[in-house]
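Participant: Need the 3D shape of this:
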Amino acid sequence: MSNTQRGLAELIGTFWLVFGGCGSAVLAAGFPVVGIGFVGVSLAFGLTVLTMAYSIGHISGCHLNPAVTLGLWAGGRFPAKDIPLYLAAQVIGATIAAYLLYLIASGAPGFALGPTSLAVNGFAAQSPGQYSMAAGAAIEVVLTFIFLLVIMGSTDTRAPAGFAPIAIGLALTLIHLISIPVTNTSVNPARSTGPALIIGGLALQQLWLFWVAPIVGGILGGLGYRALGAEDPKRPPISGEAL
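Facilitator: Residues are numbered from 1 along each chain as shown. Down below sits the predicted model:
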């Protein structure tokens, strides 16, 4: 695929992740009478990745996340020369989605753009559960580390074919179930950047954490799987493996 095709695929895929995931939180989570709640939001984020993985995985690899791109590079699965293209496409896609989401949400009676609107990520006063910066950093590093292990393991040529999008989508769902109360769940610098650019203020001031922590976790995850998944040349084949 050409760079243009791959860049557009990443832009569209990240747009879908932010529009679908953050959109479910903004428009449907607390809808009067019957809202989907944070369980529904968690599932929505997982479904965006699952659907895009099957749709554009064969075009761009469906990273949709700077931490994933850098983690795959650290794991030896992605060339350094393509990193700027992917990161730029991801941030642009996330920002377009956030602006469109703001446009739609502002059409509701009584809508007001507040410091925690548009499902922004944050810690301390910006955290849904008022969790500290240290708690937010820890959970973002750990969960992004695990996310990369799942991505690299499920897409390994030795893994069962065709099931990677399901594993990755379910992993992202579980990640959100764990961490929405702590940081509103980032594990994705692009996802954090789009809403923060619109909200500004404290959300923008805290954005640095949601670049640093996921990227650290992603790189550690890529390096970790590279060591964990490396084949031992001295190991004899497991029964049936060589068939």
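Participant: Distance from the helix or strand hosting Gly57 to the middle of the chain?
Facilitator: Using DSSP states H and E, Gly57 falls within helix 37-60. Taking C-alpha atoms, centre = their mean, to the nearest Å, the mean C-alpha location of helix 37-60 is offset from the chain mean by 9 Å.
Participant: Please spell out which residues along that helix are buried.
Facilitator: 37-38, 41-53, 56-57, 59-60 (16 or more other C-beta atoms under 10 Å). Placement of C-beta: from N, CA and C, glycine included.
Participant: List the contacts of that helix.
Facilitator: Contact with helix 37-60 is made by 1, 5-7, 9-10, 12-13, 16-17, 20-21, 23-25, 28-30, 36, 62, 64, 86, 119, 164-166, 168-177, 180-181, 185, as judged by C-beta atoms under 8 Å, 6 or more residues apart in numbering.
Participant: Need the residue closest to the centroid of this protein.
Facilitator: When C-alpha atoms, centre = their mean is applied to the chain, the residue found nearest the centroid is Asn188 (4.1 Å).
Participant: OK, contacts around it?
Facilitator: 17, 64-68, 214.
Participant: next one: Gly162
Facilitator: No contacts exist for Gly162 under C-beta under 8 Å, 6+ apart.
Participant: what pLDDT does it get?
Facilitator: At Gly162, the model reports a pLDDT of 90.
Participant: tell me the mean pLDDT for stretch 208-225?
Facilitator: 98.
Participant: thinking again about what came up before, tilt between the next helix-or-strand element following the helix holding Gly57 and helix 37-60?
Facilitator: The helix or strand immediately downstream of helix 37-60 is helix 66-74, counting by DSSP H and E. Between helix 66-74 and helix 37-60, the angle comes out at 40 degrees (axes from the mean of the first three to the mean of the last three C-alpha atoms, to 10 degrees).
Participant: still on that earlier bit, among the contacts of helix 37-60, name the buried ones.
Facilitator: Buried among the contacts of helix 37-60 (16+ other C-beta under 10 Å): 6-7, 9-10, 12-13, 16-17, 20-21, 23-25, 29, 36, 62, 64, 86, 119, 164-165, 168-177, 180, 185.
Participant: which ones among these are found in helices?
Facilitator: 6-7, 9-10, 12-13, 16-17, 20-21, 23, 86, 164-165, 168-177, 180 (DSSP state H).
Participant: tell me the contacts of the residue nearest to Ile215 when sequence neighbours are not counted?
Facilitator: The shortest distance from Ile215 to any non-neighbouring residue, by C-beta to C-beta, 6 or more residues apart in numbering, is to Ala67 (5.1 Å). Residues near Ala67 by C-beta under 8 Å, 6+ apart: 144, 147-148, 187-189, 214-215, 217-218.
Participant: Please identify which pair of the residues you listed lies farthest apart.
Facilitator: Farthest apart among the contacts of Ala67 by C-beta to C-beta are Leu148 and Pro189. That separation is 13.8 Å.
Participant: which secondary structure elements does the host helix or strand of Leu220 contact?
Facilitator: Secondary structure assignment for Leu220, by DSSP H and E: helix 209-228. Contact partners of helix 209-228 among helices and strands, from 3 or more C-beta pairs under 8 Å, 6 or more residues apart in numbering; DSSP states H and E: helix 66-74, helix 133-154, helix 189-199.
Participant: any weak-confidence spans in this protein?
Facilitator: Scanning the chain with the threshold set as pLDDT under 70 gives 32-34, 232-243.
Participant: again, 80 this time
Facilitator: Per-residue confidence for the chain (pLDDT under 80) gives these ranges: 30-34, 231-243.
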